[in-house]
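# turn this into a structure:
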Amino acid sequence: MKMISTDRISHRPARFGAALALVACLIVPQTASAAPKSSKGNDIAIAAFKDVCLASAPTFATAAAKAKRYGVKDADQQFGGMTEDGSMSVQVKPKKECAVTSENRSDPTLYAQFLRVIASSGVDAPQGGKSGKPFVATIKGKRFVFQHDRRGGEAYVMISLDN
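Numbering: from 1, shown residues only. Here you go, the predicted model:
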């Protein structure tokens, strides 16, 4: 009969507990955070999209400077940057694309807010559309595809269709 040392026995509950905790982290979905609001009642990332992307379209020449007002560090005109806590980022490709991303939110009104800020910029935004469905709109004579993507976080994107 083989004897089991007491050292191995005493580590089994700790190993089991650690394995159980790891499995729980993988199985239980992460909860979405509440949407922080800006001073005008919109989610902070949507407010950033309006002030950074929409206000600097169609060239996005001033997007990096505007992103710094939202705490985006190391924002440069070619790539963008991220807030110190990683809760929001801005991506820029001059004359081509501008996007603001944030953590997942539990707020079901985000798509309506997104459409509202686009419409407030003088763009015809679709009414009653569904989040995740792209649509085309024109800003200062340039056509853009707009999309709110909720996979893996919140992404508010505009991509130029014109070269």
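
# tell me the contacts of the residue positioned nearest the centre of the chain?
In the chain, the residue lying closest to the centroid (C-alpha atoms, centre = their mean) is residue 101, at 2.1 Å. Applying C-beta atoms under 8 Å, 6 or more residues apart in numbering to residue 101 gives the contacts 45, 88, 89, 90, 91, 153, 154, 155, 156. All C-beta atoms are positioned from the backbone trio N, CA, C, and that covers glycine.

# at 7 Å instead, please
88, 89, 153, 154, 155 (C-beta atoms under 7 Å, 6 or more residues apart in numbering).

# tell me which element it is part of?
Secondary structure from DSSP states H and E places residue 101 in strand 97-102.

# next: residue 159.
strand 154-160.

# cool, and residue 144?
strand 142-149.

# that strand to strand 97-102, inter-axis angle?
Orientation of strand 142-149 against strand 97-102 (axes from the mean of the first three to the mean of the last three C-alpha atoms, to 10 degrees) gives an angle of 20 degrees.

# residues of strand 142-149 that come out buried?
144, 146, 147, 148 (16 or more other C-beta atoms under 10 Å).

# give me the beta-bridge partners of the first one?
For residue 144, the beta-bridge assignment (DSSP bridges) gives partners residue 137, residue 160.

# quick one: low-confidence parts of the chain?
By pLDDT under 70, the low-scoring segments of the chain are 1-40, 75-77, 128-129.

# run the chain-centre distance for stretch 88-95.
12 Å (C-alpha atoms, centre = their mean, to the nearest Å).

# buried residues in it?
For stretch 88-95, by 16+ other C-beta under 10 Å, it's 88, 89, 90, 91, 92, 93.

# thinking again about what came up before, I'd like to know which elements the helix or strand following the strand holding residue 101 is packed against.
Going down the chain from strand 97-102, the next helix or strand is helix 110-119, by DSSP H and E. Under the contact definition 3 or more C-beta pairs under 7 Å, 6 or more residues apart in numbering; DSSP states H and E, helix 110-119 sits against helix 44-48, strand 142-149.

# give the other helices and strands that the longest one contacts.
Contact here means 3+ C-beta pairs under 7 Å, 6+ apart; on that basis strand 142-149 packs against helix 110-119, strand 135-139, strand 154-160.

# out of the ones you listed, which gets nearest to residue 63?
strand 154-160 (10.8 Å; C-beta to C-beta).

# which residues does the closest one contact?
45-46, 49, 53, 57-58, 95-102, 104-105, 110, 114, 142, 144-149.

# about what we covered before: and of the buried residues of stretch 88-95, the nearest to residue 72?
residue 90 (5.1 Å).
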